[in-house]
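In: After the sequence you'll find the predicted model.
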Amino acid sequence: MTLPLSTKRHRIGVFGGAFDPPHRAHQALVASALTELSLDQLHVVPTGQAWHKPRHLTAAAHRLAMARLAFAPWSQVKVDDLEINRPGVSYTVDTLRELGRLYPQVEWFLIMGADQASALTTWREWQEIVQLATICVAFRADSTSAHTVFEAQKLFPERFLQLNMPAMPLSATQIRATLGAGQSADGLVTEAVARYIADHHLYHSH
């Protein structure tokens with residue numbers, strides 16, 4: 001879905017991550033963001049070469065394909081390969097700059113979890129990130145940190161919003177471990193993603 005360029009400021013979300021694999025909690029966050037932020041579009045951006053990930057990521061082509069399957073139900077979602085196609089290490093500030101050039105007249109919303117928000121001041125050129133996009137921090141319904149004020153938020157309180165998430169204590173690390181142990185990921189990922197994982201023998205221990 002490509003939005004027509006006009007003088008109207010479209011509201012577009014950006015949700016980055018490894019998506020290794022994309023799971024039900026990622027989908028819940030996308031659904032919450034689209035509704036709560038009244039977004040015209042949401043770019044899901046699988047990480048290219050992550051600067052902060054010590055482990056080796058699954059091949060980009062697989063993560064991109066799984067993301068497209070996982071987020072297919074939402075017509076407003078565009079799975080964007082811009083970081084995967086960019087050479088070198090992926091930095092959020094570069095992604096936001098590039099999106100800003102590609103889509104002028106847009107109000108940007110950067111969607112992240114509380115753990116990412118707490119580390120935001122360690123990100124490259126984070127002060128520019130909070131000027132380029134409103135930071136939307138997702139908290140689960142069972143979270144005890146829903147009233148946490150992050151370091152970056154103390155300095156730029158007007159640039160932060162809270163997103164309310166259903167309680168879904170899921171992680172990609174947990175899912176990879178489950179699959180690596182030969183167990184089923186039923187209910188953790190969609191049927192289409194589970195089928196893709198099985199067909200391509202991803203996350204199986206060797």
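Out: Everything's here; your move. Residues are numbered from 1 along each chain as shown.
In: how deep is Ala192 tucked in, by neighbour count?
Out: 14 (other Cβ atoms under 10 Å). All C-beta atoms are positioned from the backbone trio N, CA, C, and that covers glycine.
In: Tell me the helix or strand right after the lowest-mean-pLDDT helix or strand in the chain.
Out: Least confident helix or strand, the chain: strand 49-50 with a mean of 72, by mean pLDDT, DSSP states H and E. Heading C-terminal from strand 49-50, the first helix or strand you meet, by DSSP states H and E, is helix 60-70.
In: Centre of the chain to that following helix, how far?
Out: Relative to its chain's centre, helix 60-70 lies at 13 Å (Cα atoms, centre = their mean, to the nearest Å).
In: Verify the stated contact: Ala28 with Ala167.
Out: No - the criterion here is Cβ atoms under 8 Å, and Ala28 misses it with Ala167 at 9.7 Å.
In: Neighbour count: these two, which is higher?
Out: Ala28 (17 against 10).
In: The more buried one sits in which helix or strand?
Out: helix 24-36.
In: so what's Leu29 up against?
Out: Residues in contact with Leu29 (Cβ atoms under 8 Å, 6 or more residues apart in numbering) are Phe15, Ile111, Gly113, Ala138, Leu163, Met165.
In: Please apply the same query to Val93.
Out: Val93 touches Trp123, Arg124, Glu125, Trp126, Glu128, Ile129, Leu132, counting by Cβ under 8 Å, 6+ apart.
In: would you say the fifth one is within a strand?
Out: Going back to what we said before, that points to Glu128. No - if the criterion is DSSP: H, G, I helix; E, B strand; the rest coil, then Glu128 is helix and not within a strand.
In: Next up, the contacts around it.
Out: So Glu128 contacts Val93 (Cβ under 8 Å, 6+ apart).
In: Check what pLDDT it gets.
Out: Model confidence at Glu128, expressed as pLDDT, equals 98.
In: Arrange the contacts of Val93 in a markdown table, one row each, with distance to Gln49 as further columns.
Out: Listed next are the contacts of Val93 as a markdown table, based on distance: Cβ to Cβ, whole Å:
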| residue | distance to Gln49 |
| --- | --- |
| Trp123 | 15 |
| Arg124 | 13 |
| Glu125 | 17 |
| Trp126 | 19 |
| Glu128 | 20 |
| Ile129 | 18 |
| Leu132 | 21 |
